[in-house]
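>>> sequence below, structure please.
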Amino acid sequence: MRTYLSFLLISALLIACRPENQKKVEEKKDWGKEHSVDFNQELNAREQLEISAFLRHHNYLKMDTTSSGLRYMIYNKTKGDKVKMGNEVSVNVKIERLDGTICYKTDTISGKESIVIGKSDVESGIQEGIRLMRLGEKAKFILPSYLGHGLLGDRYTIPPQAILYVDVKLLEIK
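I've put the predicted structure just below:
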């Protein structure tokens, strides 16, 4: 009887371990162009919903949108000179996340920041927004992650896929 039970147990184990009885493991698909496009569209849709909710909650912000997706509002207008590509500008800037967490503020770093428009490592969305400004103006920008630090963040205070809320004062144009 023991031999018979042992035989049944071993047979059952052998049958259960046969490859055709194992669950097929889903093959990993390569991350291709199609998957990247889908991922970016989904990320953009999520960020646009987040930005819309933020603006509904802060209804005093009357922002326009550029073709790139930058939201901006110049709230202290002047008749000063307009910024052009290649200008070196000095600004006071405060960069926050939508939840109010301050990431950077110039008065805590160096008092002001110098940026060469189009030739600087500063976020492309901030550079685009500054090009809409005149000397002495103040503006607020909302940068979707692709106009800020993108998928990786800055690895310090700006997390991956962060939407940035920026307050800028244009101090000087050279």
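
>>> looking at the helix ranked longest in the chain now, give me its mean pLDDT.
Secondary structure assigned by DSSP state H gives helix 33-57 as the longest helix of the chain. If you average the pLDDT over helix 33-57, you get 89.

>>> start at 40, not 1
Shifting the count to begin at 40 puts that one at helix 72-96.

>>> following it, which helix or strand comes up?
strand 103-104 (DSSP states H and E).

>>> can you pull the buried residues of the longest helix of the chain?
For helix 72-96, burial by neighbour count (16 or more other CB atoms under 10 Å) applies to 82, 86, 90, 93, 94. C-betas here are computed from N, CA, C, even on glycine.

>>> the second one reaches residue 202, doesn't it?
Right, the one you point to is residue 86. Yes - if you go by CB atoms under 8 Å, residue 86 and residue 202 touch, sitting 5.6 Å apart.

>>> what is in contact with the two at once?
Contact with both residue 86 and residue 202 is made by residues 183, 184, according to CB atoms under 8 Å, 6 or more residues apart in numbering.

>>> distance check, residue 101 against residue 110.
Separation of residue 101 from residue 110 (CB to CB, to the nearest Å): 10 Å.

>>> who's more crowded, these two?
residue 110 (23 against 8; other CB atoms under 10 Å).

>>> separation between the spatially closest residue to residue 79 that is not a sequence neighbour and residue 210?
Sequence neighbours aside, residue 185 is the residue nearest to residue 79 in space, at 7.8 Å (criterion: CB to CB, 6 or more residues apart in numbering). Using CB to CB, we find residue 185 at a distance of 28 Å from residue 210.

>>> quick one: contacts for the residue most central in space within the chain?
Nearest residue to the geometric centre of the chain (CA atoms, centre = their mean): residue 184, 1.5 Å. Going by CB under 8 Å, 6+ apart, residue 184 touches 82, 86, 190, 199, 200, 201, 202, 203.

>>> which residues does residue 115 form beta bridges with?
residue 177 (DSSP bridges).

>>> so, low pLDDT: which residues of the protein?
40-68, 70, 147-149 (pLDDT under 70).

>>> show me where this structure has helices.
Using DSSP H, helices in the chain cover 41-55, 72-96, 145-148, 163-169.

>>> residue contacts, the nearest residue to residue 163 once chain neighbours are set aside?
Sequence neighbours aside, residue 186 is the residue nearest to residue 163 in space, at 5.5 Å (criterion: CB to CB, 6+ apart). Residues in contact with residue 186 (CB under 8 Å, 6+ apart) are 107, 108, 109, 162, 163, 164, 167.

>>> again, 7 Å this time
Contacts for residue 186 (CB atoms under 7 Å, 6 or more residues apart in numbering) come out as 107, 108, 109, 162, 163, 164.

>>> so the last one touches residue 109, yeah?
Yes - with contacts counted by CB atoms under 7 Å, residue 164 reaches residue 109, the gap being 5.1 Å.
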